[in-house]
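Visitor: Just to be clear, the model below is a prediction. Sequence and coordinates:
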Amino acid sequence: MSSMPTPSPAYNQPPLHPYAAGSLASPKTPTSWSSGLCDCCLDISSCCLTCWCPCIIFGQIADIVDKGNTSCGVHGAIYIVISFLTGCCCLYSCFNRTKMRRQFGLPEVPTNDCCVHFCCESCALCQEYRELQHRGFDLSIGWQGNMDRMMSMNGAQVPPMAHGGMSR
């Protein structure tokens, strides 16, 4: 009797809330990717955008992974500049994949991050995009938009902005 390996989670599973219990796994307990590296056709729109304008997809991914510290546009612009100057934008994007894997406790498969991005840049970006979507992020609204959406879903109210003191 042979034991069958347990299948990895399907891409069509309901998304996890970005901060739901267990969705941010610790690096000691790696979870699996929600889709494979070559499953680009699971989301045709992001696949096409990645093939034609990878800087946009990379910027959206990096904005979420960087937790809004640097904007999507800045990440995308750096990606373009590195691409034009060296032709190796994978040098920048592989470090972002490593950061994302560590945040979510994902395994380094099928090989190390730099090799994945060097050999399959578009596939790697598509996989990272799908992973963040699966974890409940809407990449089109950025980090701050996702945090605002999370606050409104939790019923938390944001205090009103206080304007400057009265003036005559």
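Guide: Everything's here; your move.
Visitor: Could you use CA atoms for every contact and neighbour count after this?
Guide: Will do.
Visitor: chain center to the helix or strand containing residue 62: distance?
Guide: Following DSSP states H and E, one finds residue 62 within helix 54-65. Distance, stretch centre to chain centre, for helix 54-65: 7 Å (CA atoms, centre = their mean, to the nearest Å).
Visitor: Could you look up the next helix or strand downstream of that helix?
Guide: helix 72-86.
Visitor: in the helix holding residue 62, what's buried?
Guide: 54-65 (16 or more other CA atoms under 10 Å).
Visitor: Then stretch 111-118?
Guide: Buried, per 16+ other CA under 10 Å, within stretch 111-118: 113-114, 116-118.
Visitor: Tell me which of those residues fall in helices.
Guide: Among the buried residues of stretch 111-118, the members found in helices (DSSP state H) are 113-114, 116-118.
Visitor: What segments of this structure are helices?
Guide: 44-52, 54-65, 72-86, 90-104, 113-119, 121-134, 142-153.
Visitor: Please report how far residue 116 lies from residue 103.
Guide: From residue 116 across to residue 103, the span is 18 Å (CA to CA, to the nearest Å).
Visitor: same thing with residue 53?
Guide: Distance from residue 53 to residue 103, by CA to CA: 26 Å.
Visitor: Likewise for residue 96?
Guide: 11 Å.
Visitor: of those two, who's got more company?
Guide: residue 96 (19 against 14; other CA atoms under 10 Å).
Visitor: Next one: the residue nearest to residue 94 when sequence neighbours are not counted, what pLDDT does it get?
Guide: Closest residue in space to residue 94, ignoring its immediate chain neighbours: residue 114 at 5.0 Å, by CA to CA, 6 or more residues apart in numbering. If you check residue 114, the pLDDT there is 89.
Visitor: Isn't residue 114 up against residue 92?
Guide: No: under the criterion of CA atoms under 8 Å, residue 114 makes no contact with residue 92, lying 9.2 Å away.
Visitor: Chain neighbours aside, what residue packs nearest to residue 82?
Guide: residue 89 (5.5 Å).
Visitor: okay, now that neighbour: neighbour count?
Guide: 21.
Visitor: now swap in residue 66 and tell me
Guide: Taking other CA under 10 Å as the criterion, the count of residues near residue 66 is 17.
Visitor: which of the residues in stretch 148-155 are buried?
Guide: Buried-residue list, stretch 148-155, by 16+ other CA under 10 Å: residue 150.
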